[in-house]
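**Student:** what shape does this take:
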Amino acid sequence: MALPQWLLHPAFLYGVALLGMIVHFLKQKVKGQTTVEIKQYFAANFKDTFIAFVATSLGYVVYMFGLSTGQNADFVAVFAAGYICDSMFNKWDKP
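**Tutor:** Here you go, the predicted structure:
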């Protein structure tokens, strides 16, 4: 069964990866690892904001790579990739 074409549109997939990054931020908020609002967090932490967009882009790339290799990927994979990449980059400069 073929996927609807809009599911493979880069804007949609990028949005799903971005959602994964935002959910990771919300997890940090719920666990008390951050106390600021999301807009303040991204404005005050330019490096972290840049890393979040890199993580989101990597989520999209991972998804497209999965499709190109014949993997049975879906938008959950791109969500997970964005979440995982954001988590990994958030630990980049921590001991």
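
**Student:** for stretch 13-30, buried residues please.
**Tutor:** Residues 13-14, 16-22, 24-25, 28 are the ones in stretch 13-30 that count as buried (16 or more other C-beta atoms under 10 Å). For every residue, glycine as well, the C-beta is placed using N, CA and C.

**Student:** what mean pLDDT does that stretch have?
**Tutor:** Across stretch 13-30, pLDDT averages out at 80.

**Student:** can you list contacts of that stretch?
**Tutor:** Here stretch 13-30 makes contact (C-beta atoms under 8 Å, 6 or more residues apart in numbering) with 7, 34-35, 38, 41, 52, 55-60, 63-64, 75, 78-83, 85-87, 90.

**Student:** in helices only, show me those.
**Tutor:** 38, 41, 52, 55-60, 63-64, 75, 78-83, 85-87, 90 (DSSP state H).

**Student:** ok, for residue 54, nearest residue in space, not its chain neighbours?
**Tutor:** Nearest in space to residue 54, with sequence neighbours left out and distances taken as C-beta to C-beta, 6 or more residues apart in numbering, is residue 89 at 6.7 Å.

**Student:** any low-confidence regions in the protein?
**Tutor:** Under the criterion pLDDT under 70, the flagged ranges of the chain are 1-3, 8, 17, 45, 48-49, 52, 56, 71-75, 90, 92-95.

**Student:** and the spatially most central residue of it, how close does it get to residue 35?
**Tutor:** The chain has residue 82 as the residue nearest its centroid, 2.3 Å off, counting by C-alpha atoms, centre = their mean. According to C-beta to C-beta, to the nearest Å, residue 82 stands 23 Å off from residue 35.

**Student:** and the one helix or strand residue 67 maps to, how far out from the chain middle?
**Tutor:** Here residue 67, judged by DSSP states H and E, is contained in helix 46-68. Mean-position distance between helix 46-68 and its chain equals 6 Å (C-alpha atoms, centre = their mean, to the nearest Å).

**Student:** ok, back up a step: in helices, which of the buried residues of stretch 13-30 fall?
**Tutor:** Among those, the members found in helices (DSSP H) are 13-14, 16-22, 24-25, 28.
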